[in-house]
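Colleague: Structure for this input, please:
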Amino acid sequence: KVDLVAKYPTYPDAKQFRLPNIGFSVQKAAVDKGIAKSFPIILTSGRLVEYEGGGEESRSNRWLAELQQEMFVEINPADASERGIRDGTWVWVTGAENNSKARVKALVTERVGKGVAFMPYHFGGWFQGEDLRGNYPEGADPYVLGESANTITTYGYDPVTGMQEPKVTLCQIAAA
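Modeller: Predicted coordinates for the structure are as follows:
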């Protein structure tokens with residue numbers, strides 16, 4: 001949370017490998033703007049057992065694709081109730097940077113704690129609520145499309161490897 005930033009700040013801005021890492025500037029701007037007040041839910045992303053990696057291969061396999069047909073966000077019942085969200089309804093998950101948003105189904109569950117949400121990272125083919133299936137070459141589109149969780153995650157790179165860190169961010173969730 002914000003009170004920990006002063007005690008545990010990120011690394012200073014620096015050029016690492018070929019990329020500038022401006023995590024300190026991004027973090028400071030977010031704290032100064034009070035971003036956490038507008039985006040009070042911690043969003044984490046991760047893997048589903050049914051899918052591999054970004055899902056390109058597994059969402060294109062009809063036997064695996066039938067196991068998870070829609071992109072979703074897991075939201076705690078208390079957070080859902082505060083926002084008028086019901087299980088199985090469409091919601092907008094809005095990220096804290098770049099006006100990013102994703103339209104997904106709500107999975108109201110106690111598997112995530114209050115103030116925390118989860119999205120799988122295996123989906124693609126939609127962007128900010130728009131189905132982009134028509135952009136795939138004929139016969140190349142997967143059986144299952146959905147929003148990409150990584151489009152709403154925030155800036156961040158591991159300073160040792162230079163890998164992006166798209167697994168956690170702050171978000172807001174609202175009924176669509």
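Colleague: State the distance from the residue sitting furthest away from the middle of the chain to Leu132.
Modeller: What lies farthest from the middle of the chain is Glu138; by CA atoms, centre = their mean that is 28.6 Å. Distance of Glu138 to Leu132, given as CB to CB, to the nearest Å: 14 Å. Any C-beta I mention is one placed from the backbone N, CA and C, and that applies to glycine too.
Colleague: what do you get for Leu67?
Modeller: Leu67 is 23 Å from Leu132, where distance means CB to CB.
Colleague: what does Tyr155 give?
Modeller: Going from Tyr155 to Leu132 by CB to CB gives 24 Å.
Colleague: Could you pull out the buried residues of the helix or strand of the chain with the lowest mean pLDDT?
Modeller: Ranked by mean pLDDT, DSSP states H and E, the weakest helix or strand in the chain is strand 19-21, scoring a mean of 81. For strand 19-21, burial by neighbour count (16 or more other CB atoms under 10 Å) applies to Asn21.
Colleague: what does stretch 142-157 give?
Modeller: Neighbour-count burial for stretch 142-157 [16+ other CB under 10 Å]: 142, 144-157.
Colleague: Repeat that for stretch 14-27.
Modeller: So for stretch 14-27, counting by 16+ other CB under 10 Å, buried means 16, 21-23, 26-27.
Colleague: Where do the helices of this protein begin and end?
Modeller: Counting by DSSP state H, the segments of the chain that form helices are 23-33, 35-38, 62-65, 77-82.
Colleague: Just put these in a markdown table and tack on distance to Thr169 and mean pLDDT.
Modeller: A markdown table is the format used below for the helices of the chain (distance: least, CB to CB, whole Å; pLDDT from 0 to 100):
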| stretch | distance to Thr169 | mean pLDDT |
| --- | --- | --- |
| helix 23-33 | 10 | 90 |
| helix 35-38 | 10 | 94 |
| helix 62-65 | 27 | 84 |
| helix 77-82 | 16 | 98 |
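Colleague: I appreciate the help and will end here.
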